[in-house]
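Asker: Provided below are the primary sequence and the corresponding predicted coordinates.
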Amino acid sequence: MHEVTGSPTRAFGDDGFFIGTIKAISFATAAPYASKLQIGIETKEARMYFLSRWLLLAATFTSACFAADTPLQPASALVCPAPTRAAPPVYPSNELRAGRGGKVVMQATFDECGRVLEVFVTQKSGSKPLDNAAVASIKPVVFSEEARTHAVDGKLEQSVTFTADVDGRVKKVDWPKTHKNPRYVLDDEAIPYATVAIAFDSIKESEPDVFRPPVIDFRHRWVQVDTPQGREFWLFLYSKANVAAVAARYRPVMEPDGAVVRLAIQCELEKPQCEAIQDMLLKGFAFAKAK
C-alpha cells in the first residue's frame, strides 16, 4: 500500500517509473500506427495522434498524482450570528382599533446556529393579521444554545399575546399642521446617545401605553416626545435580526424661510445601507412629504 507523504511526483513511485508508465501506455494505445512508424513512414495523422495522447495521458497522471498527494483541507469553522430575542410584534392598527386581540402559539424549527427556518402556527388568534404579525416577529430570531436545549423534536414553542386596548388609546401621529410640506435638513445637533440601543431604551413616549399607527413600511417604532424646546418625533428602524439599528430624530421648527424639519440620524448598518436610509428619510412621510 502506498503512503502519500509529500511530493506529488512521488505518488506512483520514482520519477523513472512515472515517465516510463506514460511511455508504455502511449505506445500500447498507438497500435494502429506502430507499423507505419517502424518503417519510417511518418504521417501527419500519426504525429497528431501521438501529440494528443501524450498531452491527455500526462494531464491525467499529473492530476491523479496531485490529487492523491494533496492533503485534505479541514472544513472552515462554522461562524454563527449572535443569539437574538424576538422583538415585540407590530400590532396591526386596524385590529387594534377594532379591539381584536388573541394569543398565537407557534412552533419554530432552527438550524445548527439557532436561526429560525420555519414557523408553524399551532394555535390561531382568530385574526389572520395578528397571526401573520406574530409569525413575522419570530422569523428573524436566532435562538441561543441554552434555549435550543428546550426544543422538542427539533421545535421550540413560542407564543405571542395581543391585548387590545378597549379604552381607545390608539392615537394618530400628532404631526404639526404647519409642517405638512416642510423642508428636511440634517440637524447640526447629533443624537446624544452612544448607541441606537441606548437611545431606544432612553426615549419614552410622552403618553405611555399609547399605540401609534405605522408611518412607514419598514418594521419600526414611532415615538412622540414633548420637550422644553418643543415636540420631537423619534423613529427607530429594526434590522433583519429584529434589533433596533437606526435612530432618527425629527424636530419641526419654523425658520425665516418657512417650515423646516431638522433630522438627526444614528445608523449602525453598513455604510451603503445607511446612506440609502438617509436619502429615504429626507424625503419625508406620506403625511409630511419633503418640499
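Answerer: Yep, it's here.
Asker: the strands in the stretch 51-200 of the chain, which residues?
Answerer: Along the stretch 51-200 of the chain, counting by DSSP state E, counting those that start in this stretch, strands occupy 102-110, 116-123, 155-162, 183-186.
Asker: most packed of these?
Answerer: strand 102-110 (a mean of 19; mean count of other Cβ atoms under 10 Å). Backbone N, C-alpha and C define where each C-beta goes, glycine included.
Asker: sorry, back to before: closest to Ser239 out of the strands of the stretch 51-200 of the chain?
Answerer: strand 116-123 (14.9 Å; Cβ to Cβ).
Asker: hmm, who's touching the closest one?
Answerer: 103-111, 131, 134-135, 138-143, 155, 157-159 (Cβ atoms under 8 Å, 6 or more residues apart in numbering).
Asker: can I get it in CSV? Just the C-alpha atoms.
Answerer: C-alpha atoms of strand 116-123 as CSV (Å, rounded to 0.1, in the frame of the first residue of the first chain):
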residue,chain,number,x,y,z
VAL,A,116,-35.3,30.1,12.6
LEU,A,117,-36.0,28.1,9.5
GLU,A,118,-39.8,27.6,9.6
VAL,A,119,-42.6,28.8,11.8
PHE,A,120,-45.9,26.8,12.2
VAL,A,121,-49.0,28.2,13.9
THR,A,122,-50.4,25.6,16.2
GLN,A,123,-53.0,27.9,17.9
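Asker: now it: how far from the chain's centre is it?
Answerer: How far strand 116-123 lies from its chain's middle: 20 Å, per Cα atoms, centre = their mean, to the nearest Å.
Asker: just checking: what are the partner strands of that strand?
Answerer: When pairs are called by DSSP bridges, strand 116-123 turns out to pair with strand 102-110 (antiparallel).
Asker: give me the angle between the partner strand and strand 155-162.
Answerer: With axes from the mean of the first three to the mean of the last three Cα atoms, to 10 degrees applied, the angle from strand 102-110 to strand 155-162 works out at 150 degrees.
Asker: average pLDDT for strand 102-110?
Answerer: What strand 102-110 shows for mean pLDDT is 96.
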